[in-house]
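> Provide a 3D model corresponding to the input given below.
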Amino acid sequence: MFDINKKIQIGNLKLGFPFFLAPMAGVTDYAFRVIAKEFGAGVVYSEFVSAHGIIRKNEKTLNMIKFSEFERPIGIQIFGDTPEVMENAARVVYEKFKPDLIDINYGCPVPKVTKKGAGSAALKDLCLMEDITEAVVKAVDIPVTVKMRAGWNSENIVSTQAGINLEKIGIKAITLHPRTTVQMYKGSANWDLIKELKDNVKIPVIGNGDIKSIDDINKMFTQTNCDGIMIGRAALGNPWFFTQIKKYINNEDFNEISLEERLEICQKHLELLVQIHGEIVGSNNMKKHFAWYFKGFKGASFFRKKFVLAKNYSEMKDILYNIRH
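Model prediction:
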């Protein structure tokens, strides 16, 4: 299991609790990051942000980068297809927002991203990956990290070689999700590749993929010797997973979240989303979170259906009030 006395260092950033909230498109906005931080996430990341949108000063894109001091340490994750665009975007993020980290996305497998040569498409061209990475590293004075997949397909597993190259360029930590682009989110993550990467680089390696429980965390640390773990889908509707991990490490009891506490978290999440997106967009965005929050316990389907069928913000507030009273 994780050594509670162990500290990892990413550039000038020292972490005593190296459990990261993964960047997730459409999920890890300000609202979700704040809640994850309140429950103890060590580092949070923005949704992945388009480098082209950043340099064009697209208002919606720039709004995705905004964060509060409470969220630190925070990484802003960017994606793009050329060194020039990524360099300029990184510089804008650094100068305008001053995050603690900039993370390069070499892991997104979605076709609309990869067909333009961004995301995990970089795994098909390690020379381009190196050029992009070097441009970003030179552009900023904060640590640059990378999140990547194992390779494009099972015949082209490149994560270890890519990691060796990236370390030489100046990357300060690598998160590896050991699935291929072709796999998307199917099949199993090959944790042996995390171990192989860890054995071949000196910088911190953060494991990612198929973490659903405390038992999985124990297994990943034992099997891979990774320095930290990034948690994605396991935190959906379950941000208190970070509290559960912390209590486990400190040999403290963790009491399951009650319905009342769950409703309070939903109320806060809804209010934060409305605050940043407005009533219509915020309440629509909350529907998927309601579905996640109300999943996997007795009577959950009843509540989940109520929220998903709610027509607007006011109706959602009424449902929350009526359940609690």
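
> so after the lengthiest helix in the chain, what's the next helix or strand?
Determined from DSSP state H, the single longest helix within the chain is helix 259-277. Following helix 259-277 in sequence order, the next helix or strand is helix 279-293 (DSSP states H and E).

> Buried residues, that next one. List them.
Residues of helix 279-293 classed as buried: 282, 283, 285, 286, 289, 290, 291, 292, 293 (neighbour count, 16 or more other C-beta atoms under 10 Å). For the C-beta atoms, the positions are set from N, CA and C on the backbone; glycine is no exception.

> want to try CSV for those, with distance to residue 242 and pLDDT as columns?
Compiled in CSV, these are given as follows (distance: C-beta to C-beta, whole Å; pLDDT from 0 to 100):
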residue, distance to residue 242, pLDDT
282, 24, 94
283, 26, 94
285, 22, 94
286, 21, 94
289, 16, 94
290, 20, 91
291, 21, 89
292, 15, 93
293, 15, 91
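
> burial count for residue 144?
27 (other C-beta atoms under 10 Å).

> next one: phi and psi at it?
Dihedral pair for residue 144: phi -110, psi 130, per degrees, to the nearest 10.

> so it bridges to which residues?
residue 102 (DSSP bridges).

> thought it was touching residue 99?
No. Assessed by C-beta atoms under 8 Å, residue 144 is found out of contact with residue 99, at 10.9 Å.

> Please work out how many residues are found near residue 252.
So residue 252, with other C-beta under 10 Å, has 10 neighbours.

> try the one 10 residues further on
The local packing of residue 262 (other C-beta under 10 Å) involves 19 other residues.

> I'd like to know how far it sits from residue 322.
From residue 262 over to residue 322 the distance is 15 Å, taken as C-beta to C-beta, to the nearest Å.

> Repeat that for residue 135.
Taken as C-beta to C-beta, the span from residue 135 to residue 322 is 54 Å.

> Which of those two has more residues huddled nearby?
The neighbour count for residue 135 versus residue 322, taken as other C-beta under 10 Å, is higher for residue 135 (21 against 9).

> sorry, back to before: show me which of the buried residues of helix 279-293 is closest to residue 105.
residue 285 (21.3 Å; C-beta to C-beta).

> Might you report the residue contacts of that closest one?
26, 29, 273, 277 (C-beta atoms under 8 Å, 6 or more residues apart in numbering).

> Columns pLDDT on top of those residues, output as TSV?
Below are the contacts of residue 285 laid out as TSV (pLDDT from 0 to 100):
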residue	pLDDT
26	91
29	96
273	96
277	92
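
> Report the buried members of those.
29, 273, 277.

> For the second one, which non-adjacent residue is spatially closest?
It refers to residue 273. residue 282 (3.8 Å; C-beta to C-beta, 6 or more residues apart in numbering).

> how much space between the one you found and residue 270?
For residue 282 relative to residue 270 (C-beta to C-beta), the value is 7 Å.

> hey, what's in contact with both of these two?
Joint contacts of residue 282 and residue 270 (C-beta under 8 Å, 6+ apart) are residue 313.

> how much space between the residue lying closest to residue 97 once chain neighbours are set aside and residue 77?
Once flanking residues are discounted, residue 97 sits nearest to residue 65: 5.3 Å by C-beta to C-beta, 6+ apart. Going from residue 65 to residue 77 by C-beta to C-beta gives 10 Å.

> ditto for residue 199
On the measure of C-beta to C-beta, residue 199 and residue 77 end up 26 Å apart.

> ok, those two, which is more surrounded?
Using other C-beta under 10 Å, the more surrounded residue of residue 199 and residue 77 is residue 77, with 27 against 11.

> Distance check, the more buried one against residue 53.
13 Å.

> neighbours around the residue lying closest to residue 51 once chain neighbours are set aside, how many?
In space, residue 51 comes closest to residue 80 once its chain neighbours are excluded; the distance is 3.1 Å by C-beta to C-beta, 6+ apart. A count of neighbours around residue 80, defined by other C-beta under 10 Å, yields 30.
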